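Show me the folded form of this:
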Amino acid sequence: MQKKYGETTEIKTVRSAVMDIKGGISAGSITTTLNTLETFPVKYLIESYRPFGLSPIRPSGRSVKQKSVLFDQRLGGWIGPWFMSTTNAAVVFRTYGLLGGKWGTKFFYKEYLNYGSWIKSQMVRLMLRICLLALTLPLFRWVVRKFVPGSGQGPTEEAMNNGKFTMKIIAETDEETPREGSVILSTNQDAAYLLTGIASSECAK
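Model prediction:
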């Protein structure tokens with residue numbers, strides 16, 4: 001957006017939605033989540049996942065927070081949270097701070113998954129909150145460890161090669177009549193495990 005409209009253009013809202021997804025999940029990621037909950041105080045984790053909680057700076061203006069469930073025709077209709085929403089947003093907010101807030105004084109980011117219905121979106125939102133609350137309980141974490149794969153395990157090669165992922169991202173400028181830009185990210189492989197591993201390997205070189 002800033003390359004298109006000028007480096008001083010301020011971005012007010014960025015909204016992304018996973019439109020289609022198919023793939024496996026890394027058992028290592030599950031183990032990391034459980035270990036994190038057992039290592040750090042819950043209060044600390046809650047603070048770190050708040051908007052800009054991990055960022056060295058905050059927007060100087062007043063950001064407009066986006067709802068957890070909303071209808072956006074540009075993103076296919078009814079959209080709501082998914083299990084990676086908060087984690088990914090925390091990374092974006094930290095990146096904003098590390099770049100010195102160059103995206104704007106009212107910047108805000110929110111990530112969704114397209115569910116296609118208001119009822120399904122609300123049900124998932126409620127289910128995620130219940131699961132997060134349950135994960136703070138030692139007994140529940142013990143039960144989870146009994147049923148999930150162990151660290152180092154993941155989806156089969158066939159599942160990874162037959163996965164898919166499509167995300168659409170929409171940004172709006174901070175102007176009286178906002179200008180809009182969008183981009184679509186897509187792959188015909190498993191993005192959660194296979195492509196994450198490839199990207200990590202490339203970064204390590």
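
Which SSE is immediately downstream of the helix or strand encompassing Q122?
Here Q122, judged by DSSP states H and E, is contained in helix 118-134. Toward the C-terminus, helix 118-134 is succeeded by helix 138-147 as the next helix or strand (DSSP H and E).

What ranges in this protein fall below the confidence cut-off?
Applying pLDDT under 70 to the chain flags residues 26, 151-152, 154, 196-205.

For it, identify the residue most remote from the centre.
Most distant from the centre of the chain: E176, at 28.2 Å, with distances by C-alpha atoms, centre = their mean.

Tell me where the protein has helices.
2-5, 27-39, 42-49, 85-98, 118-134, 138-147, 157-161, 196-204 (DSSP state H).

Would you reformat those helices as a markdown table and include mean neighbour count?
Just so you know, the C-beta spots here come from the backbone N, C-alpha and C atoms, and that holds for glycine as well. Conversion of these to a markdown table gives the following (neighbours: other C-beta atoms under 10 Å):
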| stretch | mean neighbour count |
| --- | --- |
| helix 2-5 | 12 |
| helix 27-39 | 14 |
| helix 42-49 | 12 |
| helix 85-98 | 17 |
| helix 118-134 | 14 |
| helix 138-147 | 11 |
| helix 157-161 | 13 |
| helix 196-204 | 10 |
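
contacts for the helix holding Q122?
68-69, 71, 78-83, 113, 115, 140 (C-beta atoms under 8 Å, 6 or more residues apart in numbering).

so what's I184 bridging to?
When assigned by DSSP bridges, I184 has beta-bridge partners K168.

on that earlier part again, would you list the helices of the chain in a markdown table and tack on distance to R15?
As requested, the helices of the chain are exported to a markdown table (distance: least, C-beta to C-beta, whole Å):
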| stretch | distance to R15 |
| --- | --- |
| helix 2-5 | 17 |
| helix 27-39 | 25 |
| helix 42-49 | 18 |
| helix 85-98 | 11 |
| helix 118-134 | 14 |
| helix 138-147 | 31 |
| helix 157-161 | 29 |
| helix 196-204 | 23 |
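
quick one, which of those helices is nearest to E180?
helix 2-5 (10.6 Å; C-beta to C-beta).

what does the closest one rub up against?
Contacts with helix 2-5, where a contact means C-beta under 8 Å, 6+ apart, come from 8-9, 11, 102-103, 173, 179, 181.

Find the pair from the residues you listed with maximum spatial separation.
Across the contacts of helix 2-5, the longest distance by C-beta to C-beta is 17.4 Å; it joins K102 and R179.

neighbours of K168, just the number please.
K168 has 21 neighbouring residues, counting by other C-beta atoms under 10 Å.
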